[in-house]
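Chemist: Got a predicted structure here, sequence first:
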Amino acid sequence: MKKDDDKITAELTAEKFPYSKENEDMVKRNFWTKTKKFAGKIPFTKDAIAMYYCAVDAKTPLWAKGIAFGALAYFISPIDAIPDALLGLGFTDDAAIIAAGIKAISGQVTDEHKEKAEAFFEK
């Protein structure tokens, strides 16, 4: 996060989110628990799920996995800039990180990843 002219902006670059085995392990252990708990309650769930499928795809480059796992680790982490328990505001920081992550790796999130995310809601 960078403060610029009294605005706080999220800077998401490959250098800021290098691939981290710790992030990958945490996401693989905890992603579905949090996602199932909040699915339908937060508007960016499909994006987060598509990002997850992109991150675990063997064809995804390591730099994109680093960004995806970093953003998803932030999403599932119990330590947030704005606690998730604050109704109305709690997921705004998570939404910003997921949106920035999706934008940063948009060329890597395939139709297959998006279809898998869509299928999650059809179950």
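Modeler: That came through, no problem. Numbers count the residues shown, from 1 in each chain.
Chemist: going forward, measure contacts between C-alpha atoms and count neighbours the same way
Modeler: Fine.
Chemist: Grab the longest helix from this protein for me.
Modeler: Among all segments of the chain classified by DSSP state H, the helix with the greatest residue count is helix 21-38.
Chemist: Show me which residues of it are buried.
Modeler: The neighbour-count check on helix 21-38 (16 or more other CA atoms under 10 Å) flags Asn23, Glu24, Met26, Val27, Lys28, Phe31, Thr35 as buried.
Chemist: now do stretch 101-110
Modeler: Those would be Gly101, Ile102, Ala104, Ile105, Gln108, Val109, for stretch 101-110 by 16+ other CA under 10 Å.
Chemist: can you give me the strands for this protein?
Modeler: With strands called from DSSP state E, the chain shows them at 2-4, 7-9.
Chemist: one step back: Throw the buried residues of helix 21-38 into a markdown table and include distance to Ala50 and pLDDT, thanks.
Modeler: Converted to a markdown table, the buried residues of helix 21-38 look like this (distance: CA to CA, whole Å; pLDDT from 0 to 100):
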| residue | distance to Ala50 | pLDDT |
| --- | --- | --- |
| Asn23 | 17 | 89 |
| Glu24 | 15 | 91 |
| Met26 | 17 | 90 |
| Val27 | 13 | 92 |
| Lys28 | 14 | 93 |
| Phe31 | 12 | 92 |
| Thr35 | 12 | 86 |
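Chemist: Save those as JSON lines, and put in distance to Gly66 too.
Modeler: Shown next, in JSON lines, are the buried residues of helix 21-38 (distance: CA to CA, whole Å):
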{"residue": "Asn23", "distance to Gly66": "8"}
{"residue": "Glu24", "distance to Gly66": "8"}
{"residue": "Met26", "distance to Gly66": "13"}
{"residue": "Val27", "distance to Gly66": "12"}
{"residue": "Lys28", "distance to Gly66": "13"}
{"residue": "Phe31", "distance to Gly66": "15"}
{"residue": "Thr35", "distance to Gly66": "20"}
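Chemist: Just the closest of the residues you listed to Ala55, please.
Modeler: The closest of the buried residues of helix 21-38 to Ala55 turns out to be Glu24 (CA to CA; 8.5 Å).
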